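K.L.:
Here is my input, please return the structure:
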Amino acid sequence: MIGRARELARLRDALSAMPALVAITGEPGIGKSHLLNELAQQADGALVLRGRAAEFERELPYGPLVDALDAHLATLDDTKLRGLDTEQLGGIFPALADRAGATPTLAVERYRAHRAVIELLARLAATRPLVLTLDDMHHADPASLELLLALVRRPPAARVLVAVAMRPPAPDGLRDGIRIDLGPLDPDEALELIGTTLPAAQRDAVLRESGGNPFYIEQLVRAGASLPGGVAEAIAGELRALDADQRRLLEGAAVAGDPFEPELAAAAAEVEDPLVLLDALLAAGLVRATDVPRQFAFRHPLVHRAVYEGAPGGWRLAAHGRVAQALAGRGAPPPVLAHHVE
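P.N.:
Predicted structure coming up:
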């Protein structure tokens with residue numbers, strides 16, 4: 001793994017300090033999943049179980065936990081579960097439903113469920129440490145997030161490490177655990193990942209356009225100068241979570257420029273109340289505030305590029321015209337207007 005020496009050291013410390021909960025946060029493609037995989041590989045002698053939250057399963061309580069634990073629970077005999085609240089657990093894990101005489105239900109008693117799962121994790125770690133990794137937890141259902149907060153407050157009385165990865169912002173309660181906020185690779189690490197097969201000018205272009213994001217680096221190296229298909233699809237997945245007005249304002253912002261002013265983005269998009277819509281874009285992590293008042297920027301240049309190129313061509317031309325008209329009404333000089341007029 002290139003870079004991340006500090007983060008890996010914190011994970012090794014967490015393995016030594018179990019029970020513990022680690023929350024890894026960062027933008028898409030920054031390496032959260034890779035770091036979880038490294039943790040799993042370094043957990044020598046531990047029982048490693050992995051789960052992942054799914055974007056379209058947010059209504060299924062405890063979905064990531066079921067994904068991680070259910071197949072393993074199906075292999076256990078009844079003696080391993082003796083003394084646990086199997087009736088409650090049977091309402092969560094399909095593998096235990098028949099044994100407990102319970103029917104899986106959405107209407108679970110949350111407190112009993114939390115206590116039962118915490119006791120179950122402790123039981124699974126009775127003979128060797130348990131490392132439970134849960135990826136993409138920004139897609140998790142509310143019940144799973146509540147359980148994570150319960151694990152922070154009442155960790156299992158055993159050698160259990162729960163490591164979760166999610167896009168920011170993480171729930172406030174997870175600040176009481178171990179937080180690892182992943183940022184971009186530094187230039188030397190990024191150049192090591194880029195490799196030496198590309199010409200120097202192209203290596204510099206990848207370094208500049210990627211912003212140190214490992215996923216973007218790998219995709220840009222494969223794709224050359226064009227917008228990488230993997231990057232475009234990943235960003236398209238984020239855009240699908242927006243409603244029509246939010247997406248239209250984002251496309252208007254891409255036309256207005258990067259950084260952009262909300263009023264110019266609204267003029268391009270022909271939407272009202274841009275600040276209300278802007279809050280949704282900020283919460284989604286697609287744009288961020290800058291140090292300049294009333295000026296915002298895309299999370300990454302490739303996000304700006306993907307949104308701009310993904311907007312309908314005819315609409316985009318008309319949007320440039322609306323921005324030019326708004327700027328002219330402000331008395332903007334010709335060099336500021338030129339890009340939009342062109």
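
K.L.:
Summarise which helices and strands the top helix by length along the chain is packed against.
P.N.:
Identified as the longest helix of the chain according to DSSP state H is helix 313-329. Here helix 313-329 touches helix 244-256, helix 262-269, helix 334-341, going by 3 or more CB pairs under 8 Å, 6 or more residues apart in numbering; DSSP states H and E. Heads up, the C-betas are built off the backbone N, CA and C, glycines and all.

K.L.:
Any chance of those helices in a markdown table with mean pLDDT as columns?
P.N.:
Converted to a markdown table, the helices and strands packed on helix 313-329 look like this (pLDDT from 0 to 100):
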| stretch | mean pLDDT |
| --- | --- |
| helix 244-256 | 95 |
| helix 262-269 | 95 |
| helix 334-341 | 91 |
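
K.L.:
quick one: the longest helix of the chain to chain centroid distance?
P.N.:
33 Å (CA atoms, centre = their mean, to the nearest Å).

K.L.:
Okay, angle between it and helix 334-341 too, please.
P.N.:
Using axes from the mean of the first three to the mean of the last three CA atoms, to 10 degrees, the direction of helix 313-329 lies 160 degrees away from that of helix 334-341.

K.L.:
Could you point out which of the helices and strands packed on helix 313-329 sits nearest residue 279?
P.N.:
Taking CB to CB, helix 244-256 is the member of the helices and strands packed on helix 313-329 nearest to residue 279, at 9.5 Å.

K.L.:
If you drop the residues flanking it in sequence, what lies closest to residue 275?
P.N.:
residue 262 (6.0 Å; CB to CB, 6 or more residues apart in numbering).

K.L.:
do you know how far the one you found is from residue 287?
P.N.:
10 Å (CB to CB, to the nearest Å).

K.L.:
what is in contact with the two at once?
P.N.:
Residues within reach of residue 262 and of residue 287 at once, by CB atoms under 8 Å, 6 or more residues apart in numbering, are 253, 278, 296.

K.L.:
what about the strands in the protein?
P.N.:
Along the chain, counting by DSSP state E, strands occupy 20-25, 47-52, 130-135, 160-166, 178-181, 287-289, 296-298.

K.L.:
I am finished for the moment; much appreciated.
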